[in-house]
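Undergrad: just need the structure, nothing else, for what follows:
(one chain, ligands or ions: 3)
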Amino acid sequence: MRVLRFLLNNILIEESGLPPDMTVLDYLRERKRLTGSKEGCASGDCGACTVVVVSLKNGQLQYASINSCIALMGDLQGRQLITVEHLADDGKLHCSQQAMVDHHGSQCGFCTPGFVMSIFALTKNTVSIDSQHKRKSIEHYLGGNLCRCTGYRPIIDAASTALDWALAGNTDQFSENRAATIQQLQALEAEVDTTGFHRPTTLDALFQCKAQYPDAPVVAGCTDFSLEITQRLKQYPQVISLSGINELGFIEQRNGQWCIGAGCSIAALLSTLGPLNADIADMLYRYGSTQVRNSATVGGNIGNASPVGDLPPLFIALQADVVLRSAAAERVIKLESFFQDYKKTVLQADEIISEIRFDSSALDCEHSVLKIYKISKRIDDDISSVCAVFYCPNTTVKPMVLTAAFGGMAAIPKRALELERVVSASPENMQLIGDALDKDFQPISDARASAGYRITVAKNLYRKFLLELKDTQAAHRLHHLEIDHA
Ligand SMILES: Cc1cc2nc3c(=O)[nH]c(=O)nc-3n(C[C@H](O)[C@H](O)[C@H](O)COP(=O)(O)OP(=O)(O)OC[C@H]3O[C@@H](n4cnc5c(N)ncnc54)[C@H](O)[C@@H]3O)c2cc1C
Ligand code: FES
Ligand code: FES
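TA: Ligands and ions are numbered 1, 2, ... in the order given. You can find the predicted model right below:
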């Protein structure tokens, strides 16, 4: 048995008897009595529990804010955990705390530790921040934190002050202890196998583990899975985590294709594909929050087979392949045939999703157009009511060839085959287009949207796509119209 070993601030912690389904927040509050991190929603939605996890990557420290209420303890293996209690140095508040005081960014204070940790993470990631778009970066970092009394302006001002402080090259105790922390983390192994939490570091070890514990759930970022624990109060005696398997964490171009490992986080997907396509960037910036994107994975978004997951419509429209792997074999199928029925897929019990692939030309061909429309009740940190993706590989070819896929319109993410057929003959006949979408989809009403709303939105999104296709400035103008209405 391998003991769970991680750094709590700079103290080495070794644990061997924790329940495998224990969340980081419960551990902090109940076992360590570190009650600065708050429990608001216990479902990743409010950010009150935000902590920062530091990982060693290519010899560098990577600081990521996560929601501790939906993170499992076993995934801290080999990492450093920093909470709001660790920011002040020798009695002096960290800049991310002092700025909140100076700008009156707190009233009841319940949300404050979470905001402070998100601001702290912002100050630790200045390399990725475009100083021309400081305000946007701040919004992205704070989008997963809710405040119900102060109002956001003073908090944004505080974040701006802290960011300026970091951009000016100021350092804190974490920067000063960098070399020591790297040394401490290098001494910790990535694998853990302790009282039911199994974190193999290779695919071979994973398949052995799956054979040994066939009933254990396989988890990756845990952003979906943890809700079974915190909302449905289920208990799991065994859990197998994919998060230690580097073989699944890649994103690269190979043989004319983008190849994305199932373990690639949404944050990594955003930083690699975002600069190549504005629609992908816009959609991924609206995928959960920074905390969710730092944990959630591509494989988890496909594996959970939600009808409203944001990546499946994108990858289906790009006609992506999904690679399914078991100990003995590998099979490659079209993603659109992976989903069978509500939460039902073709994945066999001994398989995992290992990779997604699609043609690179989709993102680098001068004549191709990819449009992604995510419709949700809130801009930030919300699941789609409808997500529509339209992909035209070459706009100069007549008749138009289009692939279209929708989320939120059926029990599974689904291609709109009738729409595609009609578009090739009559792309501008809205009556025929509407009829085609009626044939493709009979959506349901639920808490997010009514059936009528969904089908109307789907038709309108095609109309919007058409306008933007004809006039490249239209997207810009329509965007501003939406903002005026908001
Ligand atoms: C606050 C919040 C906001 C969210 N916002 C969005 C959003 O905007 N858009 C969106 O699409 N989703 C959203 N989600 C849902 C969730 O974050 C995503 O579905 C995420 O990608 C799941 O990935 P994960 O690694 O966390 O999966 P996990 O929770 O670890 O696993 C989810 C499921 O997938 C399976 N699985 C994981 N990896 C694999 C694999 N490699 N092979 C086979 N099965 C696998 C697991 O067995 C499990 O059944 C949100 C969730 C939260 C909590
Ligand atoms: S308690 Fe709300 S996000 Fe964790
Ligand atoms: S200060 Fe009360 S919720 Fe933010």
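Undergrad: for the residue positioned nearest the centre of the chain, give its distance to His104.
TA: Geometric centre of the chain, nearest residue: Arg293, 2.8 Å, by Cα atoms, centre = their mean. Relative to His104, Arg293 is positioned 29 Å away (Cβ to Cβ, to the nearest Å). For glycine as for every other residue, the C-beta is placed from the backbone atoms N, C-alpha and C.
Undergrad: just Pro312 next, same as before
TA: The gap separating Pro312 from His104 is 44 Å, by Cβ to Cβ.
Undergrad: ok, those two, which is more surrounded?
TA: Using other Cβ atoms under 10 Å, the more surrounded residue of Pro312 and His104 is Pro312, with 30 against 14.
Undergrad: which residues touch the more buried one?
TA: Residues near Pro312 by Cβ atoms under 8 Å, 6 or more residues apart in numbering: Asn301, Ile302, Leu335, Phe339, Ala405, Gly407, Pro413.
Undergrad: nearest to ligand 2 among those residues?
TA: The shortest approach to ligand 2 among the contacts of Pro312 belongs to Asn301, at 18.6 Å (Cβ to the nearest ligand atom).
Undergrad: part of a strand, is the closest one?
TA: No: with DSSP: H, G, I helix; E, B strand; the rest coil as the criterion, Asn301 is helix rather than part of a strand.
Undergrad: ends of stretch 80-94, how far apart?
TA: Criterion Cα to Cα, to the nearest Å; first-to-last residue distance in stretch 80-94 is 18 Å.
Undergrad: against ligand 1, how distant is the closest residue to ligand 3 within the stretch 301-450 of the chain?
TA: Closest residue of the stretch 301-450 of the chain to ligand 3, Cβ to the nearest ligand atom: Asp381 (15.6 Å). Remark: distance between Asp381 and ligand 1 (Cβ to the nearest ligand atom, to the nearest Å) = 6 Å.
Undergrad: how many neighbours does that residue have?
TA: Asp381: 21 surrounding residues under other Cβ under 10 Å.
Undergrad: now do the contacts for it.
TA: Contacts of Asp381 were listed using Cβ under 8 Å, 6+ apart, and they are Asp45, Gly143, Gly144, Gly288, Ser289, Val292.
Undergrad: quick one: it from Thr396, how far?
TA: Distance, Asp381 to Thr396, using Cβ to Cβ: 39 Å.
Undergrad: ok, Ala42 next?
TA: Distance, Ala42 to Thr396, by Cβ to Cβ: 52 Å.
Undergrad: the more surrounded of those two?
TA: Looking at Ala42 and Thr396 with other Cβ under 10 Å, you find the greater number of neighbours at Ala42, namely 20 against 8.
Undergrad: find the nearest non-adjacent residue to that one, please.
TA: Excluding the flanking residues, the one nearest Ala42 by Cβ to Cβ, 6 or more residues apart in numbering is Thr230, at 4.2 Å.
Undergrad: what is the neighbour count of that neighbour?
TA: Other residues near Thr230 come to 19 when the count uses other Cβ under 10 Å.
Undergrad: hmm, it is touching Ser43, no?
TA: Yes: with contact defined as Cβ atoms under 8 Å, Thr230 reaches Ser43; the gap is 6.2 Å.
Undergrad: overlap in contacts of those two?
TA: By Cβ under 8 Å, 6+ apart, Thr230 and Ser43 have these common neighbours: Cys69, Ile70.
Undergrad: which residue ranges of the stretch 251-400 of the chain form helices?
TA: For the stretch 251-400 of the chain, applying DSSP state H, counting those that start in this stretch gives helices covering 266-273, 278-285, 290-295, 298-303, 311-317, 361-364.
Undergrad: dump those to CSV, plus mean pLDDT and distance to ligand 3.
TA: Shown next, in CSV, are the helices of the stretch 251-400 of the chain (pLDDT from 0 to 100; distance: least, Cβ to the nearest ligand atom, whole Å):
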stretch, mean pLDDT, distance to ligand 3
helix 266-273, 97, 25
helix 278-285, 95, 23
helix 290-295, 98, 17
helix 298-303, 98, 30
helix 311-317, 98, 32
helix 361-364, 88, 40
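Undergrad: comparing those, which comes out most buried?
TA: Across the helices of the stretch 251-400 of the chain, the average number of neighbours (mean count of other Cβ atoms under 10 Å) peaks for helix 311-317, which reaches a mean of 29.
Undergrad: can you show me the CA trace of that one as PDB?
TA: C-alpha atoms of helix 311-317 as PDB (Å, rounded to 0.1, in the frame of the first residue of the first chain):
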ATOM      1  CA  LEU A 311     -17.500  19.200 -26.200                       C
ATOM      2  CA  PRO A 312     -19.500  16.400 -27.900                       C
ATOM      3  CA  PRO A 313     -21.400  18.700 -30.300                       C
ATOM      4  CA  LEU A 314     -18.100  20.300 -31.300                       C
ATOM      5  CA  PHE A 315     -16.200  17.100 -31.900                       C
ATOM      6  CA  ILE A 316     -19.200  15.400 -33.600                       C
ATOM      7  CA  ALA A 317     -19.500  18.400 -36.000                       C
END
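Undergrad: where's the residue lying closest to Leu324 once chain neighbours are set aside relative to Arg331, distance?
TA: Ranked by Cβ to Cβ, 6+ apart and with sequence neighbours excluded, the top spatial neighbour of Leu324 is Glu351, at 4.7 Å. Distance, Glu351 to Arg331, using Cβ to Cβ: 8 Å.
Undergrad: what residues are shared contacts of these two?
TA: Common contacts of Glu351 and Arg331 (Cβ under 8 Å, 6+ apart): Leu324.
Undergrad: ranges for the strands of the stretch 1-150 of the chain?
TA: For the stretch 1-150 of the chain, the strands defined by DSSP state E, counting those that start in this stretch occupy 4-8, 11-15, 50-57, 60-67, 80-82.
Undergrad: ok, and what's touching the helix or strand hosting Pro154?
TA: In this structure, Pro154 is located in helix 152-167 according to DSSP states H and E. Outside helix 152-167, the residues that touch it by Cβ under 8 Å, 6+ apart are 95-96, 99-100, 102-105, 115, 118-120, 122-124, 126, 129, 131, 134-135, 137-139, 141-142, 147.
Undergrad: which of these count as buried?
TA: Buried subset of these (neighbour count, 16 or more other Cβ atoms under 10 Å): 95-96, 99-100, 103, 105, 115, 118-120, 122-124, 129, 134, 137-139, 141-142, 147.
Undergrad: among those residues, name the ones in helices.
TA: Using DSSP state H, the subset of these located in helices is 95-96, 99-100, 115, 118-120, 122-123, 134, 137-139, 141-142.
Undergrad: for those residues, work out which two are farthest apart.
TA: By the measure Cβ to Cβ, Cys95 and Glu139 form the most distant pair in those, at 19.3 Å.
Undergrad: relative to Thr395, how far out is the closest residue to Cys392 other than its chain neighbours?
TA: The shortest distance from Cys392 to any non-neighbouring residue, by Cβ to Cβ, 6+ apart, is to Val369 (4.7 Å). Computed as Cβ to Cβ, the Val369 to Thr395 distance reads 6 Å.
Undergrad: any common contacting residues for those two?
TA: Common contacts of Val369 and Thr395, defined by Cβ under 8 Å, 6+ apart, comprise Leu469.
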